[in-house]
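1. structure of the sequence below:
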Amino acid sequence: MPKQKTLKQKLCSKTSWPPNWLPPLAVLIVLMVWPFVGFGASQAWLNSKNRIEDWLPASFPETKALFEFFDRFGSDEFLMISWAGCVLDDPRTVQLEERLLEPSDDGLVFFARANSGRSMIDALTSSQKISEAEAKRRLTGLFIGKDGRQSCVIALLSTSGYKDRRAAIAWAWQATQRVTDLPREDIHLGGTTADSIAVDEASNAYLLQLNALSFLVCGLILAVSLRNFWLVGTIFLTALFNQQLALAVIYFSGGHVDSVQLLVANLCFVLTISAGLHFLGYFREAVRQGHSSPALAAVQRSFIPTVLAAATTSLGLISLCTSEIIPIRSFGFYAAILVPLNAAIVVALLSIHATWASRRNWRWKPIPSATGLSAGLPENRWAIYLVPHLNRRPLTLVIVWLLAICAAGWGSTRLNASVGTQKLLSANSKLIRDYAWLEEHIGPLVPIELVLRFPGTRESDPADTFKRLLALDQLRQQIISLPEIESTLSVHTFLPPLPTESGIRNTIRRSAIGKLANESRGRFAEMRLFHEDGHDERWRLSGRVSASKVVDYEDLLKRIQQAIDKFHSDPQYAAIAVEVSGGIPFVYKTQSQLLTDLLSSFSTAFLMIAVSMSLLFRSVSAGLLLMIPNVTPAAVVFGMMGWLGMEVELGTVLTASVMMGVCADDTLHLIAHFRWLRHQGVHHTEAVSESLYNSGGAMLQTALVCGVGMLVFALSPFMPVARFAWLTFVMLAIGAISDLL
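-> Below you'll find the model as predicted:
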């Protein structure tokens, strides 16, 4: 019985592979699967949404505090609307109040309350018997500007508005334009309700156009690089299929799609092209060496490097799963699964179609070589000239390179993080410009919430209620003394001044105010300033902080805690619990978590990839040496960001671990080819030259296609996408240079 041929003998045999029936069958299978993939991708796209409050896990104290606050007071959301000429006596403000509360064309009422500066002044002067000047003073920074004339309309969402914020904002725009007859550019709309919609609009703005431009750029670079319509088409369509497959997998698995998860799809697109270009490098070499089945030879040669490259990229992505920021963790999880799958798909399709497609070329025709080396080919001249220059003073070159990395990387110790709506949008976006206008003419828009918790009583005694009002006012005075907090809102805004002196008259006034507050509990609860659950009473104190100015949230929260400690230093207030909630503590925790996650994910990726390299090459020193070009891009880029004072945000954290894995791909393909040639007995100088030609060419093509393809998204008005795009481009360029060196 004849011995079964080995795989290598099969590759060198005269049997041609693939059979003629396999390419059309592969195309048919893809065409049958694509409609299901396209459906999932379209649903993921349509259902995508962004909410900053979804970023931290529910177990975090800041998240618990935020959602407990939402459960009791509804939300800290509000919508402020104003325009030039929106003064206290402008009748359009009252008309807009009424219009906002009307049902939409669908019969839905999106706003539960709407108040203007004029209606608030009238309510205070009529019910509380205070002067108009005092009413203006209380409402300055909330409903009235510092000039005493500029006003606005503030609306609070209804249940229907919470369920569909996009429709609520659309109704607000429509109502305002009908009442004022002004173009949208002259209307200024801001506040927490508008933030998530503006982020959604920015993340989706020009997304189709940018994707189309990215496709065009990648297609043109592929066409120039490969000069073969069929090979370009195979890689491009496979990359497009994998991009939609990424969104479909997220959708069908029940994952939440937001602007960060949309980056998974773009990453899958460019990494598919990267894997395809590397495979074609092995395929070209097999054609030059005269294999009768070059596709099988390419599969054999590329199998281990491709698997290892996909694994290292996956390790870099898995490291993001250590993040506590939910969008970053989800990005790492899905990308780690999809990238190896994408590589398998593109290699499978190219192994089936490359042989057929390579016979239908424009200009490229591989030249068979008797030795199998390409160092003598004209197209390899760049490697011939490069290698001797790099080999003249290798130790000096490595030392200078390492010193440059250390000098640049030291700047990473100066990095600071930022998050929040202002950091997610372009400075030219309408919401940012509206925020600046509203804060200049009315007052700050970022809320900081403090809640005083008192034990509840079955029957509220006016004297006890007055004591609670007095405690709330004492804390308000402590908080308003902080320079960042320019205005406050509480039940005191709608009550007469609290008498603090003794005497029969003031005693009667205290009793009357306590009784009035008890009678107004329902109204205060409706205004979301008071909550009673049968066990405790909670009185809300809402401060306002500027979104347009640079505010150190860490320092602000420390001084708020100091104010609370000073409040508690009074024995009569020592037992009163004060809870700090709202967007600012949540945003600060997210900021500090970004830096923690950047360090943890990067160090985890480094450790996992270094261990993998060391095990692969059976040498710790070799593994660490090979990590130098993989660490270089992140060290240089983040170091320079630190030196230049640039801040870390969501898109920045993603790039470090991702690019380490991607750069490791190129390193593995380059070193694997070099080692294979050395095992064939090729001199090390020729092996370096040949490796640079085979893997180095694909590496440069990959850096160009992927880098420029992603750089297109730097035009996005959504800053995490734009930052991720240009950082990816810069890191790929630095990674390619460091790999060559």
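
2. list the contacts for Ala517?
-> Counting by Cβ atoms under 8 Å, 6 or more residues apart in numbering, Ala517 touches Pro462, Thr465, Phe466, Leu469, Val491, Leu495, Phe524. (Glycine included, C-beta is placed from N, CA and C.)

3. with adjacent residues omitted, what lies nearest to the first one?
-> With sequence-adjacent residues excluded and distances taken as Cβ to Cβ, 6 or more residues apart in numbering, Pro462 is closest to Gly514, at 3.1 Å.

4. ok, now which ones touch the one you found?
-> Asp461, Pro462, Ala463, Asp464, Thr465, Phe466, Leu469.

5. and Val578, by the same measure?
-> Leu450, Val451, Leu452, Arg453, Leu475, Ile564, Phe567, His568.

6. are any of the contacts of Gly514 buried, and which?
-> If you count burial by 16 or more other Cβ atoms under 10 Å, the buried members of those come out as Pro462, Thr465, Phe466, Leu469.

7. which secondary structure elements does the helix or strand that contains Glu98 sit against?
-> Here Glu98 sits within helix 91-100, counting by DSSP states H and E. On a contact count with 3 or more Cβ pairs under 8 Å, 6 or more residues apart in numbering; DSSP states H and E, helix 91-100 meets strand 111-116, helix 117-127, strand 153-157, helix 165-180.

8. so where do the strands sit in this structure?
-> Using DSSP state E, the strands of the chain run over 79-83, 111-116, 153-157, 187-190, 416-417, 446-455, 485-489, 530-532, 536-545, 577-581, 647-648.

9. okay, now Ala205: neighbour count?
-> Using other Cβ atoms under 10 Å, Ala205 is surrounded by 15 other residues.

10. can you tell me which residues contact it?
-> Ser716, Pro717, Phe718.

11. what do you get for Leu267?
-> Counting by Cβ under 8 Å, 6+ apart, Leu267 has contacts Ala335, Val339, Val658.

12. can we see that at 7 Å?
-> Ala335, Val658 (Cβ atoms under 7 Å, 6 or more residues apart in numbering).

13. okay, it: pLDDT?
-> pLDDT for Leu267: 84.

14. how about the one 10 residues further on?
-> The score at Leu277 is 85. That number is its pLDDT.

15. so what's it up against?
-> Leu277 touches Ala698, Gln701, Thr702, counting by Cβ under 7 Å, 6+ apart.

16. tell me which helix or strand in the protein has the weakest average pLDDT.
-> Using mean pLDDT, DSSP states H and E, helix 7-12 stands out as the lowest-scoring helix or strand of the chain, at a mean of 44.

17. one step back: any residues touching the helix holding Glu98, and which ones?
-> With Cβ under 7 Å, 6+ apart as the test, helix 91-100 has contacts from 81, 86, 111, 114-119, 151, 153, 155, 172, 175-176, 178-180.

18. same deal with stretch 727-741?
-> Residues from elsewhere that reach stretch 727-741, judged by Cβ under 7 Å, 6+ apart: 390, 397, 401, 629, 632-634, 636-637, 652, 655, 659, 663, 666-667, 670, 696, 699-700, 703, 706-707, 710-711.

19. PyMOL command for the buried members of those?
-> Entered in PyMOL, the line below selects the buried ones among the contacts of stretch 727-741, by 16+ other Cβ under 10 Å:
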select buried, resi 401+629+632+633+634+636+637+652+655+659+663+666+667+670+696+699+700+703+706+707+710+711
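
20. now, the contacts of stretch 727-741 that are in helices?
-> The helices, defined by DSSP state H, take in 390, 397, 401, 629, 632-634, 636-637, 652, 655, 659, 663, 666-667, 670, 699-700, 703, 706-707, 710-711 from the contacts of stretch 727-741.

21. any chance you could map the helices in the stretch 401-550 of the chain?
-> In the stretch 401-550 of the chain, the helices defined using DSSP state H, counting those that start in this stretch lie at 421-424, 430-441, 462-480, 504-519, 521-526.

22. need these in a markdown table with distance to Asp90, can you?
-> Compiled in a markdown table, those are given as follows (distance: least, Cβ to Cβ, whole Å):
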| stretch | distance to Asp90 |
| --- | --- |
| helix 421-424 | 28 |
| helix 430-441 | 13 |
| helix 462-480 | 29 |
| helix 504-519 | 31 |
| helix 521-526 | 26 |
